[in-house]
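K.L.:
curious how this folds, go ahead:
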Amino acid sequence: MNTRLGIICVLVVVAIVGDEVEVARAQVSCNPVQLSPCAAAIFSSIEPSNACCGAIRQQISCLCQYQSDPTLQGFINSPAALKISTFCNVPFPTDCP
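P.N.:
Sure thing, here's the model as predicted:
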């Protein structure tokens with residue numbers, strides 16, 4: 001379970017605030033497990049799938065919340081998170097409270 005949560009954390013950090021997709025916070029259930037389609041990209045050299053990029057975009061409104069979670073924030077600066085962020089064209093958050 002910790003490994004799965006770690007993977008999700010990395011994905012969450014990658015997604016953060018993107019201009020491409022605006023999702024109302026009330027419409028999104030902030031659950032890092034929903035980022036599980038990104039697990040393969042996090043733990044291997046495989047490019048993120050369309051499902052992974054879609055999951056990141058759907059969770060954009062949750063990324064600052066994930067970033068403030070001590071369990072997840074260690075994945076924010078990981079090379080895998082950067083890879084997913086770049087590939088999916090979803091920038092890291094820069095304006096979190």
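K.L.:
tell me the pLDDT at residue 64?
P.N.:
Per-residue pLDDT puts residue 64 at 85.
K.L.:
look up the closest residue to it, ignoring the ones flanking it.
P.N.:
residue 96 (3.7 Å; Cβ to Cβ, 6 or more residues apart in numbering). For every residue, glycine as well, the C-beta is placed using N, CA and C.
K.L.:
quick check: the one you found vs residue 39, distance?
P.N.:
Residue 96 sits 24 Å away from residue 39, going by Cβ to Cβ, to the nearest Å.
K.L.:
compare the two (neighbour count), which wins?
P.N.:
residue 39 (19 against 13; other Cβ atoms under 10 Å).
K.L.:
the more buried one: which element?
P.N.:
Using DSSP states H and E, the element containing residue 39 is helix 39-43.
K.L.:
same check on residue 47?
P.N.:
Here residue 47 is assigned to no helix or strand, by DSSP H and E.
K.L.:
quick one: contacts for it?
P.N.:
By Cβ atoms under 8 Å, 6 or more residues apart in numbering, the contact set of residue 47 is 41, 87.
K.L.:
how about 10 Å then?
P.N.:
40-41, 53, 83-84, 87-88 (Cβ atoms under 10 Å, 6 or more residues apart in numbering).
K.L.:
just the element for the residue nearest to residue 64, please.
P.N.:
When the helices and strands are read off by DSSP H and E, none of them contains residue 96.
K.L.:
okay, it: pLDDT?
P.N.:
79.
K.L.:
so it sits against residue 60, correct?
P.N.:
No - using Cβ atoms under 10 Å, residue 96 is not in contact with residue 60, being 11.9 Å away.
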